[in-house]
Structures are given as structure tokens and as C-alpha cells.
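# model this:
(chains A and B)
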Amino acid sequence: MNAPAGRSDGTTAEPRLLDLRGLQVELKTGGLWRTVVQDVSLSVDAAQAVGIVGESGSGKSVTARSIARLLPRGARVGGDVRFDGEPVWAMNRARLRRFRERDLGIIYQDPRAHVNEMHTVGDFVTEGIRDQSPAERRERAIAALRATGIPDADRRMRQYPHQLSGGLLQRVMIAAAILPGPRLLLADEPTTALDVTTQSEVMAILAEQRQARRLAMVFITHDLDLAAAVTDTIAVMYAGTIVETGRSATMHERALHPYTAGLLAARPQQTRVASLYTIPGRPIAAYESGPGCVFASRCAYVQRRCTEARPEPRQLGDHVVSCYRAEELQGTLHRALERA
Amino acid sequence: MPAQLEVENLRKVYRVPGGKRDTADLVAVDRLSFQVQAGGSLAIVGESGSGKTTTARLIAGLESVTSGKIRVDGETRKPLPWARAERSRYARQVQMVYQDPFTSLDPSQTIQACLDEVLRCHFSKDSKERGSRISELLVQCGLDDRHRHRRPRSLSGGERQRAAIARALAAEPQVLILDEAVSALDVSIQAQILNLLASLRSALGLTYLFISHDLGVVRQVSDECIVMHRGAAVESGATENVLSAPKADYTRQLLDAIPRPGWAPKRLAASPASL
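Down below sits the predicted model:
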């Protein structure tokens, strides 16, 4: 099923590969408990790619980390995260470890912060596969490195992380992440630190590997254009909340939430120069949002009801949007996007 | 009339440890020449290692030139080290805004103290005059008197970058070098700062040298641009022409790599060995 996650009750027989229901995360910062993710529901099917797009403080990375249960110790988590029907936050230590090793592949923004500089590339890539002979492990690792576009894989196996460029090291990360045969890839801004031409290559390699292995992906990014190009579905997050979910391919023309439309219009265009549309103010965090719509304080179309009660997500065409005025604003937002 | 900023045959070579035998030369910038007229905006575009930031640092006097000339307002800049009087005079001509205001602003200094320091350094104004000039600078950059006593830590990313721009403008420079000045900002904030930069240029007649890896941003802020690759200019001209009808293969590659509606990521035909 490709329809975006909304209020579906999950009554289908087959469980979704990944299912987040009403995820709520509070973290303690400066002695205060602060809500950083509120009521996030999202699902991912086998082989499907879902993009979570948002600015700083939107809660996109925390959402990704709660899927892998990689939140700071003592974080308060509510709601449900299920992988293939199994509640992730109820797994015991052994199961959690196997889940992270086997079922999940994780790729981070900064590969250098996630490798041990004292270990060779070979050690790092073969770490996730244990139940084979060293020779077999080595062979599989070399094959995986080649598959990610590293030609002299043999030599690279013996090298150390500092001898590799950022683009190359990110490919090593991809190889290490896919080698144990996971079913879901968590990619948190995997190309943000890379040059555009390297980004294009790394994303192409990721797409090839996903297709060959029917690998699902949760793709975290601040770049709506990139997410639209490499995912099937996009969830736009603001202040710890998903404000809109929809098909990636049509997000540009069919954005229904004023925040999504604002993000699209604020981006400098390739074709024309005009004074940029700006969203006034700055992005806020979940704990700064009032009782109403999280975007109310910056929205150009705000009304009284928007500040009083939070709009529920609802289906509109093939999008799910949390905005009271979505229907009546459709035309206005569309025209604004065409002008931008 | 001489160009506001002119660079002729600029070259910068770094000595780097070269494996087993002593050192090797790394040519960061090679035979780079360009001019920017007063009130113009020139962008230097490139990826990491292209030499764009080195060029900016050479012009600002943060690195010494290996060979070539830099002229500002028709006057050739002396080689480093500069005497105090020169440093001060040059600083009135060229100011720089960096990518990360967190590291370029003093964390212990309030925004008022930061601006006041620049004013005391360059102008003989009494404290009342400086106070009203600070207000003027804040307003120009979209801040107000409430931000005077704040420190960088308590400002948002966008406000910090506004403060960094205000500090650069405090010296009343002719040329502003913006080194990836909007790259670290959220999209919605980036748009605000780009609009601010556009209005400041027309209001104050500033000349911009805009260093960026982001072609969308470059189109927005520059009249002309230079595409750099491995230290050399591979293409230059009116930004509109370069971006809509690129002549160099490398420029085309760069443009093709930008995500946009209908775009799909591609592997390059031949992966550069340096990857």
C-alpha cells in the first residue's frame, strides 16, 4: 500500500514493516523535561522509501533514533514503534541487539564520527557479519564495497578511515549497513556533508542497492527537493509534529500545508530570480508550540481556531494534512507555488 | 574608473608533508583573474577543494599570496604582514562574513559590545554617537535594541548571522566577502538572509564577493560568477548565462547533480580517482 500513513487502524492482516503510532518523546535538557516529538504516526512497507523532511528542531532525527531505540538514557517515550508487528521498545537486550544488527542498517550524516579510526575499513565492514569463516566474510565485504562503487576494494579493506575522503567513507558506511541483509535502512542526512556531485553518486548507489535487495528506507533530510527525488512518500515535520504526508513525486505541485508550501517557495529557484518568499520568524521546537496548530505562530493564513486547538491529520486526495483550512487554501497555495 | 575589486593571476601554493620525502606543493589557487565593479556581485562557485575559500581568505588578508595581485579601489594591496595602519585601512575596505557565526562571534561578548568594539577601532565617535549607530546597524540587519545585550548563544541561527553581518557593516566596507554565509541556515531562514543581503546591497551600494557551493543561492545573489575546480576557473560569465547555458563539462556536471522535481541521482560516467 502506498497511501501515506494517516489514521489507518492497521486492520490489515500483514503487519507493516515499520509502524509508528502516536510516538511521543520527551528529553531532559537543562533540568527540564521537554517534548521534542509529539504524536507522530507513520508507516513504512517493505521496499518502500519514506522521507522525513524538516528544519532544525523539527524532531526528524529524534524520530529516526526512536526507531532504533537510540535515544539518550532516560528519555520518556510514549506511543508505539513496531517493526514487523513487534514492539521495538519492549524488546529485551538480546533481541534489541539482534534487531539493530540484522534488521536495521543505519547510515549517519558524519561517517567519521561513527567509525573507529583505529580499525581498518575491512574490520568495520565485516563487523556486522559473524556466522561465517573469515575468508567468506572478507569475500562478501569486498563484493559489497565493489557494489557501492569502490573499484579497488581489495586495497581499501586494508586502509584506515583517515585515508579515505568523505564520499568514499560514506560508501563504506553504506556497504557496512547493507551487508548483514537488513530489511530497513535508516539514513539520517547521509549526504548533507558531501559535495553535490558526490551526493548524486551516493544516492544513486543507495537506490541501486535498495532495489536489488528490496530494502525499505527511512530517509531523514532538510532538503525537500532531494527527498522528493529519492523516496516514495514524504512526511513533513514541524515542531515535533508531522504536518503533511503525501506522494513524493507530486509534493511540489500538490503541497497542502502552508508550511510545506512555504518551504518550497523559500528555496532559491534554478530558473528565475525573484525576491524569495519568506516564512517570518524562526523554526520552533515542539515544547514551544501552544495548544493550537504548531505552525500557527508563523502561518500567513492563521485564524483564531488555529491557535486554540490542534488540527487532526485528515485525508485530502492522496495527502494527509493537519490544517483546518487545507481545502479552502488549495488554490491560494497552488498559485503561490507557481509564482515562486 | 578602476574596478572595485580586481584580482590578477592569483596563485596560492601550500607546502604539505609529502609522504616519505620532505614536502610537496599543493596548488590551492592557480592563475585566477577577475574584476568586480562597484556595486556588483560576483559569485565563486565550487565544491570542496576548489580553492574558493582560499581565494576569499587571500583577498581578506587572512593568507599570504604566493604570486599575483589584489587591487581594491585601484590600489594594489601590500604583501603580508601588514602594519597596523594598513590593516585598519584595509579592514575599512573589505569585510568578511563566515559560514558559522558561532565560531566567528566572540561567545562572551554581547552584540552591543561586539559592534561597539568595531566602531571604536575605526571611528572617532563619542559613546552617544556610537549608541545610535549601533541601533541603526541592528535595524538595517533586521534586529532591534532588544538584541543589544544578548550573547551569541542566546540568539537563533538566523539572528546570529544577522549580527555577524551587522558587525561586518560596522566598518563601513566597500566590499563584503560572504563565505558560505547562508549555507548552514535552515531553508526558511536562508531565504530571509538572502533577501536581507539583496536589500543591503542596493541600499548601501556594497560590492559582494559571494563564495558558495550552492548554485541556486548563487543565481539569487550574483550578477556574474566564476566556477572553480581544483584551484582553477573553468568557466565565468554572467550568472544567468553560466547557469542556463553552461559551456564547461564540469559546470554541467554540477548543475546536473542538483536535486529538483523530476531529478534522479546519477553515477558519474567515470568516477574521479580523488573520490
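
# number of residues surrounding the residue of the stretch 1-150 of chain B found nearest chain A?
Nearest to chain A, among the residues of the stretch 1-150 of chain B, is residue B:47, at 3.8 Å (Cβ to the nearest Cβ). Where you see a C-beta, it was placed from the backbone N, CA and C, and this is true even at glycine. By other Cβ atoms under 10 Å in any protein chain shown, 20 other residues sit near residue B:47.

# got it, and residue B:139?
Neighbour tally, residue B:139, other Cβ under 10 Å: 12.

# same thing with residue A:113?
Residue A:113 - counted by other Cβ under 10 Å - has 7 other residues nearby.

# that one and chain B: what is the separation?
As judged by Cβ to the nearest Cβ, to the nearest Å, residue A:113 and chain B stand 17 Å apart.

# helix/strand/coil for that residue?
The three-state assignment at residue A:113 reads helix, by DSSP: H, G, I helix; E, B strand; the rest coil.

# who's in contact with it?
Contact analysis of residue A:113 by Cβ atoms under 8 Å, 6 or more residues apart in numbering or on different chains lists nothing.

# do you know the pLDDT at it?
Residue A:113 carries a pLDDT value of 86.

# the strands in the stretch 151-275 of chain B, which residues?
Taking DSSP state E, counting those that start in this stretch, the strands of the stretch 151-275 of chain B run over residues B:175-179, B:207-212, B:224-229, B:232-238.

# from chain B, how far off is the nearest residue to residue A:294 once chain neighbours are set aside?
The spatial neighbour of residue A:294 that comes closest, neighbours along the chain excluded (Cβ to Cβ, 6 or more residues apart in numbering or on different chains), is residue A:239 at 3.8 Å. In this structure, residue A:239 and chain B are 13 Å apart, going by Cβ to the nearest Cβ.

# which pLDDT value goes with residue A:239?
At residue A:239, pLDDT is 95.

# now do residue A:57
On the pLDDT scale, residue A:57 gets 86.

# on the three-state scheme, it is what?
coil.

# mind checking how far it is from residue A:244?
18 Å (Cβ to Cβ, to the nearest Å).

# which one of the two has more residues nearby?
Of the pair residue A:57 and residue A:244, residue A:244 is the one with more neighbours under other Cβ under 10 Å, namely 28 against 22.

# tell me what that one is bridged to.
Taking DSSP bridges as the rule, residue A:244 bridges to residue A:236, residue A:321.

# now do the same for the residue positioned nearest the centre of chain A: its pLDDT.
Per Cα atoms, centre = their mean, the C-alpha nearest to the average position across chain A is that of residue A:220, at 2.5 Å. Looking at residue A:220, its pLDDT reads 96.

# which residue, other than its chain neighbours, is closest to it?
Residue A:220 sits nearest to residue A:188 (Cβ to Cβ, 6+ apart), 4.5 Å away.

# number of nearby residues for the one you found?
Number of residues near residue A:188 (other Cβ under 10 Å) recorded here: 20.

# backbone dihedrals for it, both of them.
Main-chain torsions, residue A:188, degrees, to the nearest 10: phi -100, psi 100.

# can you tell me how far residue B:253 is from residue A:197?
6 Å.

# of the two, who's got more company?
Neighbours per residue, other Cβ under 10 Å: of residue B:253 and residue A:197, the larger number sits with residue A:197, 21 against 18.

# need the residues of the stretch 51-200 of chain B near chain A, please.
Residues of the stretch 51-200 of chain B that fall close to chain A, judged by Cβ under 8 Å from any Cβ of the partner chain: B:156-159, B:186-192, B:194-195, B:198.

# in helices, which of these appear?
Counted as lying in helices by DSSP state H, out of those, are B:157, B:158, B:159, B:187, B:188, B:189, B:190, B:191, B:192, B:194, B:195, B:198.

# top of the residues you listed by number of neighbours, please.
residue B:190 (27 neighbours).

# list of residues touching the longest helix seen in chain A?
Criterion DSSP H: the longest helix present in chain A is helix A:196-213. Residues from elsewhere that reach helix A:196-213 (Cβ under 8 Å, 6+ apart): A:47, A:49, A:147-149, A:166-167, A:170-171, A:174, A:178, A:181, A:185, A:187, A:190-191, A:194, A:215-217, A:226, A:229-230, B:47, B:213, B:253-254, B:256-258, B:264-268, B:271, B:275.

# now that helix: buried residues?
For helix A:196-213, the neighbour count (16 or more other Cβ atoms under 10 Å in any protein chain shown) marks A:196-207, A:209-210, A:213 as buried.

# closest one to residue A:106 out of those, please.
Using Cβ to Cβ, residue A:206 is the member of the buried residues of helix A:196-213 that lies nearest residue A:106, at 13.0 Å.

# contacts only, for the residue lying closest to residue B:264 once chain neighbours are set aside.
In this structure, residue B:264 finds its nearest non-sequential neighbour in residue A:229, 6.2 Å apart by Cβ to Cβ, 6+ apart. Listed by Cβ under 8 Å, 6+ apart, the contact partners of residue A:229 are A:203, A:248, B:259, B:260, B:263, B:264, B:265.

# give me that answer again for 7 Å
Neighbour list for residue A:229: B:259, B:263, B:264, B:265 [criterion: Cβ atoms under 7 Å, 6 or more residues apart in numbering or on different chains].

# count of residues packed around residue B:193?
So residue B:193, with other Cβ under 10 Å, has 24 neighbours.

# cool, residue A:316 as well?
Using other Cβ under 10 Å, residue A:316 has 17 neighbouring residues.

# show me where chain B has helices.
All helices of chain B, identified by DSSP H, fall at B:52-60, B:84-93, B:101-104, B:111-122, B:127-140, B:157-170, B:187-204, B:215-221, B:239-244, B:249-256.

# oh, that last question was meant for the stretch 1-150 of chain A, not what I typed.
Assigned by DSSP state H, counting those that start in this stretch, the stretch 1-150 of chain A shows helices spanning A:60-67, A:93-98, A:121-126, A:134-147.

# now the end-to-end length of stretch B:176-183.
16 Å (Cα to Cα, to the nearest Å).

# which parts of that stretch are buried?
Going by 16+ other Cβ under 10 Å, stretch B:176-183 has these buried residues: B:176, B:177, B:178, B:179, B:180, B:181, B:182.

# got the contact list for the residue nearest to residue A:294?
Counting by Cβ under 7 Å, 6+ apart, residue A:239 has contacts A:58, A:284, A:285, A:286, A:289, A:294.

# residue nearest the centroid of chain B?
Chain B, centroid-nearest residue using Cα atoms, centre = their mean: residue B:178 at 2.4 Å.

# what ranges in the stretch 151-300 of chain A fall below the confidence cut-off?
A:269-274 (pLDDT under 70).

# show me what from it comes close to chain B.
A:165, A:167-168, A:195-201, A:203-205, A:207, A:222-223, A:225-226, A:228-230, A:252, A:262-263, A:266-270, A:273, A:275-279, A:282-283 (Cβ under 7 Å from any Cβ of the partner chain).

# and those residues, which are buried?
Buried among those by 16+ other Cβ under 10 Å: A:165, A:167-168, A:195-201, A:203-205, A:207, A:222-223, A:225-226, A:228-230, A:252, A:262-263, A:266-268, A:276-279, A:282-283.
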